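Participant: Give me a model of this one.
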Amino acid sequence: MAAKPAFATGAQVEHPKFGLGSVVLCTEEHITIKFDDSGEKKFVLSIVLPNLTKSNRTPPPEKKRAARKKAAPAAAAAAE
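Facilitator: Numbering: from 1, shown residues only. Just a heads-up that it's a prediction; the model follows:
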């Protein structure tokens, strides 16, 4: 029987160096956390576990990325 992951997906955690973040994925060996200021990082669970604490905060809203403009069709045709 597989062991239960240390943190559920979506759990809010705090790391002393990277700050607050949300758990993206947690397996028996690795944990991936999306930090508010540092982006997404993957750790070996047994090494990082003593440094992580659970946080009672509500997750921040997802930031929407601006849509990129497509290249004008005329520019592609002119290159031929």
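
Participant: mean confidence for stretch 29-44?
Facilitator: pLDDT averaged over stretch 29-44 equals 95, rounded to a whole number.

Participant: in that stretch, what's buried?
Facilitator: By neighbour count, and taking 16 or more other Cβ atoms under 10 Å as the criterion, the buried residues in stretch 29-44 are I31, T32, I33, K34, F35, K41, F43. Yep, even glycine has a C-beta here, placed from its N, CA and C like the rest.

Participant: show me where the chain has strands.
Facilitator: Chain-ordered strands for the chain, with DSSP state E as the definition, fall at 12-15, 19-26, 30-35, 39-44, 53-54.

Participant: Identify whichever of the ones you listed lies nearest to K69.
Facilitator: Among these, the nearest to K69 by Cβ to Cβ is strand 39-44 (24.7 Å).

Participant: same for the closest one, what does it pack against?
Facilitator: Here strand 39-44 touches strand 30-35, going by 3 or more Cβ pairs under 8 Å, 6 or more residues apart in numbering; DSSP states H and E.

Participant: For the strand it packs on, which outside residues touch it?
Facilitator: Taking contacts as Cβ atoms under 8 Å, 6 or more residues apart in numbering, the residues outside strand 30-35 that touch it are 6-7, 13, 15, 18-26, 40-45, 48-49, 52.

Participant: Stretch 4-19 too?
Facilitator: Looking at stretch 4-19 with Cβ under 8 Å, 6+ apart, the contacting residues turn out to be 20-28, 31, 33, 35-38, 41, 45, 48-49, 51-59.

Participant: Can you say which of those residues are buried?
Facilitator: So, of these, L20, G21, S22, V23, C26, I31, I33, F35, K41, L45, V48, L52 end up buried under the neighbour-count rule (16+ other Cβ under 10 Å).

Participant: Need those residues in CSV (columns: distance to R68).
Facilitator: Converted to CSV, the buried ones among the contacts of stretch 4-19 look like this (distance: Cβ to Cβ, whole Å):
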residue, distance to R68
L20, 29
G21, 27
S22, 26
V23, 29
C26, 32
I31, 31
I33, 27
F35, 25
K41, 26
L45, 36
V48, 35
L52, 35
